[in-house]
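Peer 1: The sequence isn't on hand, but the structure is:
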């Protein structure tokens, strides 16, 4: 049965609802149509809609669509406290909102309020309506929170695998090189040749939190690497490096810290001691809402050791001074996408002038984490460029030409989580060096792959 209004009443009702619709559209132009995706709006549009939504949340506190849109835009604008307030009000009216619990956990985590973040993550994980992939993500955050709340924090990464290089011995592109200022033909044994190696890399990090208001910690990092060539045993490479030092907050600025540190390292080549170094440095870190920036300086006193395979490398002994600025952050519009960059300048000195040089370089990467095929993936394309100018000509190569190199690097890495802390990573990189001397003009394709373990 249908209910019919008399014609006069129908006209009155139609007029009333039409006027109401026009008034609502005029009063709230941003919400008069389906909301656009936050990522597609400019900052001005975001702030205009934020103003409208803020007023509506006051008069319609139980309208969850409005509250969630308000929280989404507040997060995009970096106003995490406003987003938290809107989401907390939603939980006041009903507790069974796993999506809201998840978003609150993420916001508190970003603010460094790990106890509050843990409470909301646990509520989301304990809700039967939470999808399995969301629950797995929540559990990863809970593990990270446990590490960050502990005074002693550890991180570990290891990979073993195989690596192929199209130019393993760094041979020049051409067989014609310079010797004593004249063209010469390089013997076939020294021309570029491919090779495989088996490699292993281990890196570890230990942080002890002194639990002060400033966030003072002691940080220690260890990196080790070894590769064994299938054909060129004289190029077997080993490396171990340790740095340690405090990270100290500056005054009441919880987002600014300084870290002085000491370091030692050792390198073997051809399974002989090749170089040792001692030194130290200091960096200043600023943590902002968009990411982190950290300038620093490092000094290394390097000692090269002669051996039967490398009888003259001791002439490279000297000081290396590195100045750098590192920065990293994330893209609010693309969840999981981050950016990293480093700009550096290096001054190295040797006992002989043609081993001394100045270098400037820039590197960048775009790591992107996403879920696919039931796995967590990371894909990271990278670029790099370096210029190296040597102080003096090498008389044995060309007494009239100083060496000047320009090196280009382009690559990509993919890492997929296979099971719990076990994954598989593969990397492809192309390197090309243009030089003022043909002896140092090289190119090399590098492909590496193997299983990983990290926690």
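Peer 2: That came in fine, so what should we check first? Computed from a predicted model, the values in this text were never measured in an experiment.
Peer 1: before we move on, could you check phi and psi at the spatially closest residue to residue 195 that is not a sequence neighbour?
Peer 2: Beyond its immediate neighbours in the sequence, the residue positioned closest to residue 195 (CB to CB, 6 or more residues apart in numbering) is residue 168, lying 3.5 Å away. Using the backbone N, CA and C atoms, a C-beta is placed for each residue, glycine as well. Phi and psi for residue 168, reported as degrees, to the nearest 10, are phi -70, psi -30.
Peer 1: quick one: the helices in the protein?
Peer 2: If DSSP state H is used as the criterion, the helices of the chain fall at 7-27, 43-59, 64-76, 80-93, 98-111, 114-125, 132-149.
Peer 1: before we move on, the earlier item: distance check, the residue nearest to residue 195 against residue 41.
Peer 2: Separation of residue 168 from residue 41 (CB to CB, to the nearest Å) stands at 51 Å.
Peer 1: ok, these two, which is more surrounded?
Peer 2: Neighbours around residue 168 and residue 41, counted as other CB atoms under 10 Å, are more numerous at residue 168. The numbers are 21 against 18.
Peer 1: Looking at that one now. What's its pLDDT?
Peer 2: Residue 168 is assigned 97 on the pLDDT scale.
Peer 1: which ones are touching it?
Peer 2: Residues near residue 168 by CB atoms under 8 Å, 6 or more residues apart in numbering: 193, 194, 195, 197, 229, 231, 232, 235, 444.
Peer 1: Same question for residue 389.
Peer 2: With contacts taken as CB under 8 Å, 6+ apart, residue 389 has the following neighbours: 357, 358, 359, 402, 403, 404.
Peer 1: Now a ChimeraX select for only the buried ones of those residues.
Peer 2: A single ChimeraX command selects the buried members of the contacts of residue 389 (16 or more other CB atoms under 10 Å):
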select :357,359,402,403
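Peer 1: picking that back up, now the weakest link among the helices of the chain, please, by mean pLDDT.
Peer 2: Comparing mean pLDDT across those, the weakest is helix 7-27, with a mean of 38.
Peer 1: Return the distance of stretch 403-418 from the chain's centre.
Peer 2: Distance, stretch centre to chain centre, for stretch 403-418: 14 Å (CA atoms, centre = their mean, to the nearest Å).
Peer 1: what's the model's confidence in it, averaged?
Peer 2: 97.
Peer 1: So what's the residue count around residue 60?
Peer 2: One way to gauge burial is a neighbour count; for residue 60, by other CB under 10 Å, it gives 12.
Peer 1: What separation do you get for the closest residue to it other than its chain neighbours and residue 96?
Peer 2: Distances taken as CB to CB, 6+ apart put residue 66 closest to residue 60, at 5.8 Å, once the chain neighbours are dropped. When distance is defined by CB to CB, residue 66 is 19 Å away from residue 96.
Peer 1: swap in residue 57?
Peer 2: For residue 57, the distance to residue 96 equals 21 Å [CB to CB].
Peer 1: now swap in residue 186 and tell me
Peer 2: In this structure, residue 186 and residue 96 are separated by 74 Å, where distance is defined by CB to CB.
Peer 1: now do residue 185
Peer 2: Residue 185 is 79 Å from residue 96, by CB to CB.
Peer 1: One more: residue 60?
Peer 2: Residue 60 is 20 Å from residue 96, where distance means CB to CB.
Peer 1: circling back: tell me which of residue 66 and residue 96 has more neighbours.
Peer 2: residue 66 (20 against 11).
Peer 1: so who does the more buried one touch?
Peer 2: 31, 53, 56, 57, 60.
Peer 1: quick one on the thing from earlier: nearest to residue 123, of the contacts of residue 168?
Peer 2: residue 197 (49.5 Å; CB to CB).
Peer 1: what bridges to the closest one?
Peer 2: With beta bridges defined as DSSP bridges, residue 197 has these partners: residue 163, residue 229.
Peer 1: Tally up the residues packed near it, please.
Peer 2: When counting by other CB under 10 Å, one arrives at 21 neighbours for residue 197.
Peer 1: Numbering from 39 from now on, please.
Peer 2: Let's use 39 as the start, then, which means that last one is residue 235.
Peer 1: now it: how far from residue 269?
Peer 2: Summarising the geometry, the distance separating residue 235 from residue 269, computed by CB to CB, is 9 Å.
Peer 1: what's the answer for residue 113, then?
Peer 2: With distances taken as CB to CB, residue 113 is found 54 Å from residue 269.
Peer 1: burial measure for the closest residue to residue 275 other than its chain neighbours, as a count.
Peer 2: With CB to CB, 6+ apart as the measure, residue 265 is the residue that lies nearest to residue 275, at 5.0 Å, once sequence neighbours are left out. Neighbourhood size, residue 265 [other CB under 10 Å]: 18.
Peer 1: what does the one 4 residues further on give?
Peer 2: For residue 269, the number of neighbouring residues by other CB under 10 Å comes to 12.
Peer 1: That one reaches residue 203, doesn't it?
Peer 2: No: Residue 269 sits out of contact with residue 203 when judged by CB atoms under 8 Å, with a separation of 10.6 Å.
Peer 1: what bridges to the residue nearest to residue 256 when sequence neighbours are not counted?
Peer 2: Nearest residue to residue 256, sequence neighbours excluded (CB to CB, 6+ apart): residue 246, at 4.6 Å. Beta-bridge partners of residue 246, counted by DSSP bridges, are residue 190, residue 256.
Peer 1: give me every residue that touches residue 246.
Peer 2: Each residue near residue 246 by CB under 8 Å, 6+ apart is listed here: 189, 190, 191, 255, 256.
Peer 1: How about residue 469?
Peer 2: Neighbours of residue 469 in contact, by CB under 8 Å, 6+ apart: 445, 446, 447, 480, 481, 482, 484.
Peer 1: Please report how far residue 362 lies from residue 383.
Peer 2: With the distance defined as CB to CB, residue 362 ends up 8 Å from residue 383.
Peer 1: Would you mind telling me which of those two has the busier surroundings?
Peer 2: Higher neighbour count among residue 362 and residue 383: residue 362, with 17 against 14, using other CB under 10 Å.
Peer 1: Contacts only, for the more buried one.
Peer 2: The neighbours of residue 362, taking CB under 8 Å, 6+ apart as the test, are 333, 334, 335, 336, 380, 381, 382, 383.
Peer 1: Provide the partner residues of the closest residue to the third one other than its chain neighbours in its beta bridges.
Peer 2: Once its chain neighbours are removed from consideration, residue 335 has its nearest residue in residue 361; the separation is 5.1 Å (CB to CB, 6+ apart). Beta-bridge partners for residue 361, by DSSP bridges, are residue 335, residue 383.
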